[in-house]
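> fold the stuff below for me.
(chains A and B)
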There are 2 protein chains.
Amino acid sequence: MALGKQHIIEFYDCDKDILNSVTQIEAGMKAAALAGNASIVNATFHHFSPHGVSGVLVIKESHLTIHTWPEYNYAAVDIFTCGETINNEEIIHILKIKLKSKRIESRSILRGNLEVLKKPGKPLT
Amino acid sequence: MALGKQHIIEFYDCDKDILNSVTQIEAGMKAAALAGNASIVNATFHHFSPHGVSGVLVIKESHLTIHTWPEYNYAAVDIFTCGETINNEEIIHILKIKLKSKRIESRSILRGNLEVLKKPGKPLT
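Numbers count the residues shown, from 1 in each chain, chains lettered A, B, ... in the order given. Prediction:
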């Protein structure tokens, strides 16, 4: 049991033009977040010179981030969610389609392990 | 060699009141980012009912995120940076002070491994 769940995903062999379009990256991230039942609180997306996009969606359930390297056809995505209502796998599935990625690697970790947080001898003040 | 470096940090035994103050969390994150030579592009911080703060700093070199659980004296922080100019350890050091954390756990991973991105048989289009 943990407070949060984080997916760390490498999207390889994506469409270079999509990765360089702040409009398409923002739209794709929002569509994926909504498909996974996330509630978007705030969004900030930027295009970097000469290429690449960085974007963050603050969601009620934590956050989604993306950084793209069009020159490598690669995007790094993080999905950090709390609670049981978000479908992280659906977010990944939709993003893979939106980025036209041919290959992904996904790792998942837990954040705020309740066994550690409640460990005896570490009283909460 | 990799495009990005990510630190995933658990801050335990923090000050409960600080964790519940959006003002102090935002100020602490910005101070830590600047101490580590990050260039802040955008900031978004929210207080959640009944307690807890979520915050994101988009930096020129990628991002910093924080989610706090005052009821567990716990904060989850991610530091994702590109390039050689950012001192992630200094960011962690300053945040530990700002959150008055007595104990941290830090993991670091690489993002966008260049060996994988350049692997033969996976031509970049």
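> does any bit of stretch A:29-48 sit next to chain B?
Yes: judged by CB under 8 Å from any CB of the partner chain, stretch A:29-48 and chain B are in contact via A:V41, A:N42, A:T44, A:H46, A:F48. Bear in mind the C-beta positions are built from the backbone N, C-alpha and C, glycine included.
> narrow those residues to those that are buried.
Those of the residues of stretch A:29-48 next to chain B that meet the buried threshold are A:V41, A:T44, A:H46, by 16 or more other CB atoms under 10 Å in any protein chain shown.
> surely the first one is in a strand?
This points to A:V41. Yes: residue state for A:V41 (DSSP: H, G, I helix; E, B strand; the rest coil) corresponds to a strand.
> now it: how far from B:F80?
Separation of A:V41 from B:F80 (CB to CB, to the nearest Å) stands at 20 Å.
> then the second one?
When distances are taken as CB to CB, A:T44 and B:F80 turn out to be 15 Å apart.
> let me see the mean pLDDT of the longest helix along chain A.
The longest helix of chain A (DSSP state H) is helix A:22-35. Confidence over helix A:22-35 (mean pLDDT, whole number) is 98.
> who are the packing partners of that helix?
Helix A:22-35 is packed against helix A:16-19, strand A:40-47, strand A:53-59, strand A:62-69, helix A:88-98, with contacts defined by 3 or more CB pairs under 8 Å, 6 or more residues apart in numbering or on different chains; DSSP states H and E.
> make JSON lines out of these and add mean pLDDT.
Below are those laid out as JSON lines (pLDDT from 0 to 100):
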{"stretch": "helix A:16-19", "mean pLDDT": "97"}
{"stretch": "strand A:40-47", "mean pLDDT": "94"}
{"stretch": "strand A:53-59", "mean pLDDT": "95"}
{"stretch": "strand A:62-69", "mean pLDDT": "96"}
{"stretch": "helix A:88-98", "mean pLDDT": "97"}
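> closest one to B:F11 among these?
Between B:F11 and those, the tightest spacing by CB to CB is seen for strand A:62-69, at 15.6 Å.
> what's the angle between the helix or strand just after that closest one and helix A:88-98?
Beyond strand A:62-69 in the direction of the C-terminus, DSSP states H and E gives the next helix or strand as strand A:74-82. On the basis of axes from the mean of the first three to the mean of the last three CA atoms, to 10 degrees, strand A:74-82 is oriented at 160 degrees to helix A:88-98.
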